[in-house]
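> Pasted the sequence and its predicted model underneath.
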Amino acid sequence: MERLVTPIPPEPTPPVLVHMLYTDHHGWLQSWLRRRLGDQHQAADLAHDTFLRLLVSRRLPQPEQGRGYLLQIARNLVIDLWRRQRIEQAYLQALASADEQLSISLEERAVIVETLLRIDRMLDALPAKVREALLLSQFEGLGYSEIATRLGVSLGSVQKYMTRAIQACYEVMYSE
């Protein structure tokens, strides 16, 4: 007696999964981004960047989770875009109000804005008390004991916070 065996279809390979995600969700994602941003070109760029991030991460969602996964990546990219625009705008306003003798090339502006974005990401990644200690020290000129009082922590904690914050600053300065 001959047994009929139904072959199990092979699992789709990562390139096939990415292609399926792209064909199934790219149009929807770009429409969602266009409504969110109000700009067709930015939406197209961010839809592209979403799939690029997906490829670079090498982490593919299950097919039923594809839309949600892509949406989370796209939301993060929108937040990054808005943060970048906010930082660029603040920098340009500061530059406009600065002395007119201060002449900076477009390339120098781009480097400065990119550095400000890296600093912003670094500050955002720090725990709240570490970030607060660094900002109190650098922008309000407070000493460690004053910071400890303001934050309601010990002097040793402030020393640890500042060590961590300074280490993060060095990583920003020397990473590239």
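Yes, it's here. Note that this is a predicted model, so its numbers are computed, not measured.

> quick one: low-confidence parts of this structure?
1-14, 63, 98-102, 176 (pLDDT under 70).

> how about a cut-off of 90?
1-26, 36, 39, 42, 49, 51-69, 76-77, 79-125, 135-144, 166-176 (pLDDT under 90).

> Assign the residue positioned nearest the centre of it to helix, strand or coil.
Computing the C-alpha centroid of the chain and ranking residues by Cα atoms, centre = their mean puts residue 80 first, at 4.9 Å. Secondary structure for residue 80, judged by DSSP: H, G, I helix; E, B strand; the rest coil, is helix.

> how much space between it and residue 29?
16 Å (Cβ to Cβ, to the nearest Å). Heads up, the C-betas are built off the backbone N, CA and C, glycines and all.

> what's the answer for residue 106, then?
Residue 106 sits 32 Å away from residue 29, going by Cβ to Cβ.

> which of those two has more neighbours?
Between residue 106 and residue 29, counted using other Cβ atoms under 10 Å, residue 29 has the larger neighbour count: 23 against 7.

> Help me confirm that that one comes into contact with residue 72.
No: judged on Cβ atoms under 8 Å, residue 29 makes no contact with residue 72 at a distance of 11.3 Å.

> How far away from the center of its chain is stretch 80-96?
In terms of Cα atoms, centre = their mean, to the nearest Å, the centre of stretch 80-96 is set 15 Å apart from its chain centre.

> ugh, wrong one, stretch 74-88
8 Å.

> Now do the buried residues in it.
For stretch 74-88, burial by neighbour count (16 or more other Cβ atoms under 10 Å) applies to 74, 77-78, 81, 87-88.

> which residues sit against that stretch?
Contact with stretch 74-88 is made by 29, 32-33, 36-37, 42, 46-47, 49-50, 53, 113, 116-117, 120, as judged by Cβ atoms under 8 Å, 6 or more residues apart in numbering.

> what does stretch 105-113 give?
With Cβ under 8 Å, 6+ apart as the criterion, stretch 105-113 contacts 84, 87-88, 91, 95, 104.

> Next, format the residues you listed as JSON lines and append secondary structure and distance to residue 164.
As requested, these are arranged in JSON lines below (DSSP: H, G, I helix; E, B strand; the rest coil; distance: Cβ to Cβ, whole Å):
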{"residue": "84", "secondary structure": "helix", "distance to residue 164": "25"}
{"residue": "87", "secondary structure": "helix", "distance to residue 164": "23"}
{"residue": "88", "secondary structure": "helix", "distance to residue 164": "28"}
{"residue": "91", "secondary structure": "helix", "distance to residue 164": "27"}
{"residue": "95", "secondary structure": "helix", "distance to residue 164": "31"}
{"residue": "104", "secondary structure": "coil", "distance to residue 164": "32"}
